[in-house]
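K.L.:
generate a structure from the sequence data that follows.
(chains A and B)
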There are 2 protein chains.
Amino acid sequence: MSKSFEFWFDLGSPAAYLAWKRMPAFERRTGATAIHKPMLLGGVFKATGNASPVTIPAKGKWLTGDLARTARRDGVPLSYGPGFPINTLALMRGAIGLQMRRPERFAPYVEAMYGAIFGSARDMREPKEIAAALAGAGFDPAEILALSGEPDVKQALIRNTDEAVAKGVFGAPTFFVGEELFWGQDRMDQVAEALAS
Amino acid sequence: MSKSFEFWFDLGSPAAYLAWKRMPAFERRTGATAIHKPMLLGGVFKATGNASPVTIPAKGKWLTGDLARTARRDGVPLSYGPGFPINTLALMRGAIGLQMRRPERFAPYVEAMYGAIFGSARDMREPKEIAAALAGAGFDPAEILALSGEPDVKQALIRNTDEAVAKGVFGAPTFFVGEELFWGQDRMDQVAEALAS
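P.N.:
From the prediction side, this is the model:
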């Protein structure tokens, strides 16, 4: 039986971005497959009473340095575009829509969006920047926009977010190995241990 | 020149307890000396707008499991007495008072108090339990109680807590290598890297 784990993420989370970039090597190393679970982190925060760490200025300042140190160690670019943290509702609908309709294009989409948001710090509040990032990765921006507006796609993101909250998710990234929840890009060693046991 | 780093802690923090238990090996490994900085975490929370993670139930549930996994990996006992999290004001005054008056008894005191709170889960809201824990470690409970009430001891804890906030501390444990702040028992690898650079 092949092993798997759930990876709950939002495109707006720099910690989830770092975890995403580490994922191919992690899957090879553990021999386990990630089940990708898009969720709306804002919805999770609202439901759980949690909030972005940047709402505590001292914590936000530490976190910026911490993520920069981690990105440097990982050899991954990390920068923040204007307006960070951005509203990711439309982008996350695009992610789950592709997962539903064209699953083979899901990972390239996430890769391209994370790259635009945290790799090259595009201003992703701007539709034309989103369109350029999509086109650059071989997507038809109009098609993704249409997909994001489909009622069952919108519903699927709500459903995933509700499922996340029901399972105890309060932040991103979150991993599950069976029923056990692991929060944070800094807990992938514990995820690996749980997969090995 | 010998290397050092600051270790900011409160006796009520289980994460700071885990860091404390790891400290002797960490100091040997890094060749650096911890400068112990007692602070009142409740005061830091109030000043920074931060709060205990247990105020978000889902986060508290994760954290309990996370600290248990970490304690197990470290081979350190971890349990919680009745009334956790307790008010540590008097205990922290005792800590800083010993640091001021009898510095050679500071580490044994912290070790004994952490042991009572998280090692054997005594009900440290009870004066007779505190007294028993102190006596068991060779302290005169009446002397520690008197020390905790001295005005300059009280002032020193306020001063340390204010200094923590001024330096950007928002939680425990917090480490400083020079001006660089590292938060969390799970960031001691970064502290070691900073000490090595």
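K.L.:
what does chain A have sitting close to chain B?
P.N.:
By Cβ under 8 Å from any Cβ of the partner chain, the residues of chain A that approach chain B are A:48-50, A:55-59, A:61-62, A:65-66, A:69, A:165, A:168-171, A:180-183, A:186-187, A:190. (Glycine included, C-beta is placed from N, CA and C.)
K.L.:
restricted to helices, list these.
P.N.:
Applying DSSP state H to these, the entries found in helices are A:48, A:57-59, A:61-62, A:65-66, A:69, A:165, A:190.
K.L.:
filter the residues you listed to the buried ones?
P.N.:
Buried subset of these (neighbour count, 16 or more other Cβ atoms under 10 Å in any protein chain shown): A:48, A:58-59, A:62, A:66, A:69, A:165, A:190.
K.L.:
out of those residues, the closest to chain B would be?
P.N.:
residue A:58 (4.0 Å; Cβ to the nearest Cβ).
K.L.:
residues touching the closest residue to that closest one other than its chain neighbours, list them.
P.N.:
Nearest non-adjacent residue to residue A:58, counting by Cβ to Cβ, 6 or more residues apart in numbering or on different chains: residue B:170, 4.0 Å away. Neighbouring residues of residue B:170 by Cβ atoms under 8 Å, 6 or more residues apart in numbering or on different chains: A:56, A:58-59, A:62, B:44-45, B:48, B:50, B:183.
K.L.:
same thing but at 7 Å, please
P.N.:
Each residue near residue B:170 by Cβ atoms under 7 Å, 6 or more residues apart in numbering or on different chains is listed here: A:56, A:58-59, B:44, B:48, B:50.
K.L.:
could you do residue A:17 as well?
P.N.:
Residue A:17 neighbours (Cβ under 7 Å, 6+ apart): A:114, A:118.
K.L.:
and it, helix, strand or coil?
P.N.:
On the three-state scheme (DSSP: H, G, I helix; E, B strand; the rest coil), residue A:17 is labelled helix.
K.L.:
measure it to chain B for me?
P.N.:
19 Å (Cβ to the nearest Cβ, to the nearest Å).
K.L.:
again with residue A:38
P.N.:
Look at residue A:38 and chain B: by Cβ to the nearest Cβ, they are 19 Å apart.
K.L.:
and that residue, how many neighbours does it have?
P.N.:
Neighbour count of residue A:38, defined by other Cβ atoms under 10 Å in any protein chain shown: 26.
K.L.:
surely residue A:12 meets residue A:85?
P.N.:
Yes - at 5.2 Å, residue A:12 and residue A:85 qualify as touching, with contact defined as Cβ atoms under 7 Å.
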